[in-house]
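Q: Mind looking at a prediction? Sequence and model below.
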Amino acid sequence: MLEDGKISNKQAVFLIINTILATSIIFLPSAIYKEARQDAWISIIPVTAFGVVAGLIIASLGIRFPRRTIIQYSGDIVGKPLGKVIGLIYTLFFIYINTFIIREIADMFNTNFMPETPISVFSIGIVFAAAYAIRSGLEVLARMGEIISPFVLVMLLLIVALIYPEIDTKLFFPVLEKGFIPVLKGAYPPALFFSETIIMVMLIPYLNKPSGAKASIAKAILIIGLFQLMIMATVTGVLGGLTADMNFPTLMLARYISLADLIERVEPLIMLTWIAGGFIKISVFYYCAVLAAAQWLNLREYKALVLPIGVLLTTLSIILWENIAQLSEQIFKRVPPYFLTIEVGIPLILLVLAILRGKGAAQR
Amino acid sequence: MLRNFKYKFRTWKKNLTPNNTAPKAGDESDKQVLSKNLSVNLDLVRKKLGNSMDLIIREFNLGNTRAALVCLDGLVDKEIADTHILQPMLIHARMAEPTPVKGKNELWKFIKDNNLSAIDYKEVYTLDEVLNKIISGFTALLIDGLAAALVINTVGFEARDVKEPETEAVVRGPREGFTERLQVNTALLRRKIKSPDLRLERMTLGRVTKTDICIAYVQGIANDKIVDELKKRLQRIEIDAVLESGYIEAFIEDAPFSMFATVGNTEKPDIAAAKMLEGRVAVLVDGSPMTLTIPYLFIETIQVSEDYYSRWLSGTMMRWFRILSITLTTQLPALYVATVSFNAEVLPTILLITIAASREGVPLPAAVEMLFLGIIFEILREAGIRQPRPVGQAVSIIGALVIGEAAINAGLVSAPAVMVTVLTGIASFTIPAQSITYIFIRLLLLALAATTGFFGLILGIIIVLIHMASLRSFGVPYLSPLAPANFGDWKDFLFRAPLWTMFSRPSVIGWQNRKRTGAFGMPRPPKDEEKKPAGEGERE
Amino acid sequence: MKKTAFYALLFCSILLLPGCWNQVDIEERGIVAALGIDKAAEEGKLAVTVQIIKPGEIKAGGKGQGGGAAGGGEAVAVYTDTGYDLFDALRNLARQTGRKLYFPEMAVLVLGEALAREGVGSVMDFMVRDAEPSVRTWVLVARGQAKEVLKTPIPTEKVWGFGLGKMIKAIKAHSKAPAVNVLDFLKNVDSTTTCPVATGIQIVGVEKKPKQEAVTPSKRPVLGGAAVFKEYQMTGWLDEIQTRGMLWVKGEVKGGIVVVPSPQNENKMLALEIIRAASEIKPEISDGRITVTVKITEEGNIGEVKPDHIEIAKPGVIEAIEAGKREVIENEVWAAVTRAQELNADVFGFGEAVRRKYPREWPQYEKMWGELFPALDVQVKVDAKIRRTGMITNPEKPGESGVK
C-alpha cells in the first residue's frame, strides 16, 4: 500500500466538513443569492439532499472495494484501458479543482488584507504548508482536520452570534416571491461544492471502518448543510440585496461586527481560521491528486510526487486566471457541468456497472 | 527477556551486573577469576585501582586463616562495616579456637550463616565483580584459600536529604523530591505505590561511570509494548558516561531533531507515581533526581500535580490560564507585529492611537524592535538563572530598570513593545516544562509575521501544528487526546474533571487496565433519615 | 537529518521572500478620523478633505497640558486636495501629508451638499469596494461645505472626527436626525423603491476670537435633519420635525422628548420622554388602489412639567396628555409623509412593504411607483401611552403641603 496510515471515521467526517465548508461558506452566499434572492436559505435544503445522495453513491461504490481506490478498481469494472482513462481523469480533476481553491483562498486574503503583496506569496505559502502535511502522511492530515475544523465551526457560530442583533427579519420576505424555480436555480452553484465528497473515493480504503463510510458522509453533509443554512440566512438578514454583489459576503458579516466599540473589524482574526480551513481543503485535494497519480503510475512511494505536483498547483493557480471575476465566472458558470459529471456522474455509472457485472465485495 | 538482554550485551558490556552467582567455566575468558591466594587477590585489587588513596584494606585473622576487608573510604558507612562485619568476625576469631572449623569451605559457610549480621550480601568469583561492587560502596570480604569473595552492602556515602525540589514548587501536595541516590528514590516510589505489582528493574549503563538506572512501572497498568520498546531502546545505548538522566533521554527520544521534548522528566515522586499509575514508565538514574517518564505527550505540559490535589474547578481554571499562557508566549509578539505593521484595524481605536503615539520616534520597525527586545529578555533570563541567587536578583532589577525605564524614556523602544515582551516572558514561566521550545516557536512565528503579517502567522501555526501532529512518543500520538481526538480523554484535558468522574485511565497509554475509580462516586449529602446528626433534636 | 534540512529550507524560503509589501508600521500611516468630500471649484473635480490624527499630540494632551483648542498642539490635522475622482484625490493628498492614508478608523464620511446633489455613487462605491474603510462609517451631508465641518473644532474632543461620530451615537437622545452608515445607505440604494437618507449637519455661529472660543465655541457643527437621496443623488432635505416623523414610521425612534401643550392650559408646555416606540406598516390593496396604514405605538414618561397649572394625579389628566401626545406625533408623521411625497422619495419603505405583502401583484406596481407614491393614500394610527410620571406626581407649588 502506498499509505500505511489509517484514519478513523470521525476524522473523515471532520475532513469532509472542512473540505466542503472552507470555501463554500465564503463564495456561495452571493452565487446563491443571485438566483434565489431572499429565498437563498431555502436553496440549501435541496442541495443538501443532493449532497447526501451524491455522497451515498460515492460511498456505495467505495464500499464495494473497501481496500482499493477508484484508480485501482475502475479497471476491474470497465476494463483495463478504460480504467486507466478514468484514473487519469480523476488525477487531473484533483489537480485542476485544487488550482481553483488555491486561487480563491489566496485572492481572498490578497484582496482584503494585503493588496500590494503579489498573490504568488499566498499560493506558495499555503501549498508549502500543505506539502509538508502530505509528506507527513494521511494520519497527520486527518489530525490537522480534527484540530482545525472545530475552530472553523466555532468561528462561524461566533460570527453569527455577534452579528445576530443586526438581522432584519423583513429582508426574508416575501417568501417564494417568484416560486420554486429560482430556489432550485440557486441550488445549482452549491451542488458542485456539496458533491466534493468525491475525495472519499480516494480515502475510503484508509478508513478504520470502510463500511461506515455512508454514515460518515451523510453526517458530514448534514452538518455542512446546517452551517451553510445558518450563514446563508444570516447573510440575507444582514446584507439583504447587497449580498448578490459582494465577492465575500461572509467576510462582510465579520467586518460589520461591532460590539461595544471594542470588538470591531475582527475580520483578520476570522480570516485566520478560514485560511486554516482552506489549508485543509487544499491539502485534502492535493493528497488525493498525489495518491491518485502515484497509483496511476504504479509507484511504490507517493512522496516523490509531492514536490512536482505542488509546483504545478502553484503555477497553475497563478497563471490560469487573470482576476477573480474570471475565476468566479468559471467556477459558477463554466465548469459545473463537467465537474458534476466527474463528481457524481462517473461514480454513478461505475456503481451501476459494478452492480450489474457483480464486481466488488458487496455480495457478502 | 533478560536472557536475550544478556546475550546481546555480553559482547560489549562485560561488567554488566550478573544475575547468577557463579560464572561458568570458559564463559568469560577475559574476566579475571579470583585467586585462592589472598595476597595475590589484594595485590590485584591494589593494582587495578591504581593504589588509590581512598582504598582501605583491613587484614585480620579468622582463627588461623588470613582474611581481609576491602572497601573505598567515603563510600561506605564505616559504622556498618565495623559493627556488623568486622566485629562479629573478630569476636568469632577468638571464640573459634575451641571448636576449630574444618576446612575453608565450612568456614565460609559458617561466616555466611552464623556470623555476618549484614542483610544484603552476595558471593562473587571474579575480580571485576569485586571491583565493581567496591566502587559502588560495597565492602568485600576475601579469605585466604578461597577463590571467592563476599560483597556486603555497606553503601553509606554522604548524600542530600529528601528535600523539596526547587524546580517544581507546589502550594498543595507532598513536598518531598527525589534525591541523587537511586535507592532512596526507589524507596520513595515504593512508599507511594505499595503494590506488589510495582516493578523496579535495574540496569547499568555507562562504560566508565557504570551508572545504575532503574525502570519503574506498574505491572498490569503499564502498556507492555511501551515497556518492551523502552528496554529495547535502553539496551541500544552505548555511552561511556551517564551523569544525568538527560544523557539517557538523548538516546531514547523519538524525535531528536524536533524542538518538542518527547520524554518527560520530574523531580517529584508523587508526580512520577501518578504518571506510572496512568500507565507510563519511569526511568530513574542514580546520581540525578531528575526522573524520566515516558511516553510524554503535549498535554502533560499543561497538567500540573496541583490540578489533581486541589478542587476540580480551580484545577480546571488554572489549566485554562496555562493554555492561555502557551498561546501568549508563542504568539503574542507575532500578533503584535502583524497588527502594528499590517492590519492595525483589529485594535480598538483608542488603543491603536495610543500604540501609534508611543511608537512615534522609535528608530526600529516594530518587527526588529520585537526581536531585539525578545533577545534581550532571554539574555536577562539566562543571566538571572546562572548567577548566584543574590546576583541574579540584581540582574533582574538592573534589567528591568535599564531596559524598561531608560530605553523607553530615551525613545529607543516603545512601551507597548516592552509590555508585550514582558508579558510573553512571564507567560512562559507558567509552563516551565518546555519553555525553551516556545522560544523557537515564538521566533518562527515572529519571522513569518514580520514578512507576511497575519497570513504568515497562521501559516506558521499550521506548520508547527503539522509538526506536532506528526510526532509520536513511544508510539503514542503526541497531540492526543486533541488529535487524534479522543473525547473520553478530554476529561483530563481542557477540563480537569472531578476525580470521581475519571473512571478510566487515558486510553492511549493505559489501555490494558482502564478502570480507575468505582462506577459513580459522587459525594452526596446523606439521605433524609440520616440527615440529622446524632444528638440534634427536632427544630421547629 | 532530512527533516532538519527541510525545516531550514522552509525557514529560509519564507525569510527570503521579499517582505515589506504591505508592511507599514502604524505610526507611519496617516490615520484618518474623518473624510469630507466636496465639489471642487474646477469643473468635474472633487475636493477631498481628510482629518488626520496626530497620535503624539493626543498623548501629550493626556499628560495634562490642557486639552483646549487654543495654544496650538491640535490632535488633528486637516488637509484638502482635489482630483478627478476620490481615489485620485486621496493619492494627491499624499503630496501634502507624506503619509499613506489609513482608513479603517474613520468615523464619519461628510458629503458636501453640492456634491450630494450631483451624485455620490463613486464615493459610496469606494467605501464598500476598498477593504480599508469600515462599512460602519457614518454618512453625513453638510449644509454647505464638508470641508468646513471637518475644519471646525469640537472642544470636548481631541479628535474632532470622533466627536462627530459621538454626536451620531447621541441621536437616540433626541431622534431628530437619522443615524445612517454606509451599509444602511447601500441597502436602501439596492431597493428599487426605497430612498436612502443621510444625517444632516451644519455649521452654526460665526468665528469668534480665539480667546473666547476656548470656553464657548460659537462656531460649531450641529446635527439635525436628513438629506434625502434618490439612488445616489440627493433631492432635498427633511427638517428636524419631518425627520422624526420619518423615524417614527420606520420604527427607529430610540428616545427623545415630545413637547405637548398642557391639557389644562394651552400655553403651557409639558415635556414627555420617549421610552420606546415601534411601528408597523400595513399596506392594503383593494380594487387596484394601495392604502398604507402606519401604526405607531409609543410609550413614555412625564419628564418635565411647569408647576402651577396642572394636577397630574387627577383622573383623566393623563389620558388627556396622552391624547395631546398622539396628536403631536401624528403631526410629525404627517409632516414627513407630506414632504416625502413632495420630493417623491419613498424614504419609509412603503414600496418594500407592499412587495412583502403582495409579491404576486407587486411587479405591476413596481414600475409605476414613481407615480403612485406622491398620491399614496396613507393612514396614520398612533397609540401613545404614559407609563410613569417620574419621581413625583403633581409638581411642587408654594404654599401647599405635598402630603394630604
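A: Now that the structure is in, tell me what you want to look at. Residues are numbered from 1 along each chain as shown, chains lettered A, B, ... in the order given.

Q: quick one: B:N51 from chain C, how far?
A: Going from B:N51 to chain C by C-beta to the nearest C-beta, to the nearest Å gives 47 Å. C-beta coordinates here come from the backbone N, C-alpha and C atoms, glycine included.

Q: Equivalent analysis for B:A148, please.
A: From B:A148 to chain C the distance is 51 Å (C-beta to the nearest C-beta).

Q: And B:S195, by the same measure?
A: 41 Å.

Q: May I have the beta-bridge partners of the closest residue to that residue other than its chain neighbours?
A: Closest residue in space to B:S195, ignoring its immediate chain neighbours: B:V218 at 6.7 Å, by C-beta to C-beta, 6 or more residues apart in numbering or on different chains. Listed by DSSP bridges, the beta-bridge partners for B:V218 are B:L198.

Q: what's B:L62 sitting at in phi/psi?
A: phi -110, psi 100 (degrees, to the nearest 10).

Q: Tell me the bridge partners for it.
A: Beta-bridge partners, per DSSP bridges, of B:L62: B:T65.

Q: I figured it hits B:M89, correct?
A: Yes - counting by C-beta atoms under 8 Å, B:L62 does reach B:M89; the two are 6.1 Å apart.

Q: Name the residues contacting each of the two.
A: B:I111 (C-beta atoms under 8 Å, 6 or more residues apart in numbering or on different chains).

Q: ok now do C:L46, which residues does it touch?
A: C:37-40, C:82-86, C:88-89, C:115.

Q: Apply 6 Å and report the result again.
A: Listed by C-beta atoms under 6 Å, 6 or more residues apart in numbering or on different chains, the contact partners of C:L46 are C:37, C:40, C:83, C:89.

Q: Same list (the residues you listed) but as CSV, adding distance to A:T314, neighbour count and secondary structure.
A: Compiled in CSV, those are given as follows (distance: C-beta to C-beta, whole Å; neighbours: other C-beta atoms under 10 Å in any protein chain shown; DSSP: H, G, I helix; E, B strand; the rest coil):
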residue, distance to A:T314, neighbour count, secondary structure
C:I37, 42, 26, strand
C:A40, 46, 20, coil
C:G83, 38, 17, strand
C:A89, 38, 21, helix
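
Q: Kindly indicate which of the residues you listed lies nearest B:F251.
A: Lowest distance from B:F251 to the contacts of C:L46 (C-beta to C-beta) belongs to C:A89, with 69.6 Å.

Q: So for that closest one, what's the pLDDT?
A: On pLDDT, C:A89 comes in at 87.

Q: With the one 4 residues further on instead?
A: Reading off the confidence values, C:L93 has pLDDT 86.

Q: A:A220 too?
A: 92.

Q: who in chain A is up against chain B?
A: Applying C-beta under 6 Å from any C-beta of the partner chain, one finds that chain A approaches chain B through A:109, A:113, A:125, A:129, A:132-133, A:136, A:140, A:143-144, A:146-147, A:262, A:265, A:268, A:272, A:275-276, A:279.

Q: quick one: contacts for the residue nearest to B:S195?
A: Here B:V218 is in contact with B:197-198, B:276 (C-beta under 6 Å, 6+ apart).

Q: go with 8 Å
A: Taking C-beta under 8 Å, 6+ apart, one finds B:193, B:195, B:197-199, B:276-277, B:279 in contact with B:V218.

Q: same question, C:K367
A: C:K367 neighbours (C-beta under 8 Å, 6+ apart): none.

Q: ok, it to C:T192 distance?
A: 9 Å (C-beta to C-beta, to the nearest Å).

Q: Could you break chain C into its assigned domains?
A: Domain assignment of chain C by automatic domain parsing yields the ranges C:24-238, C:240-395.

Q: could you point out the longest helix in the chain?
A: The chain I'm using is chain A. Counting residues, the longest helix found in chain A (DSSP state H) is helix A:80-112.

Q: should've been chain C
A: Per DSSP H, chain C has its longest helix at helix C:317-343.
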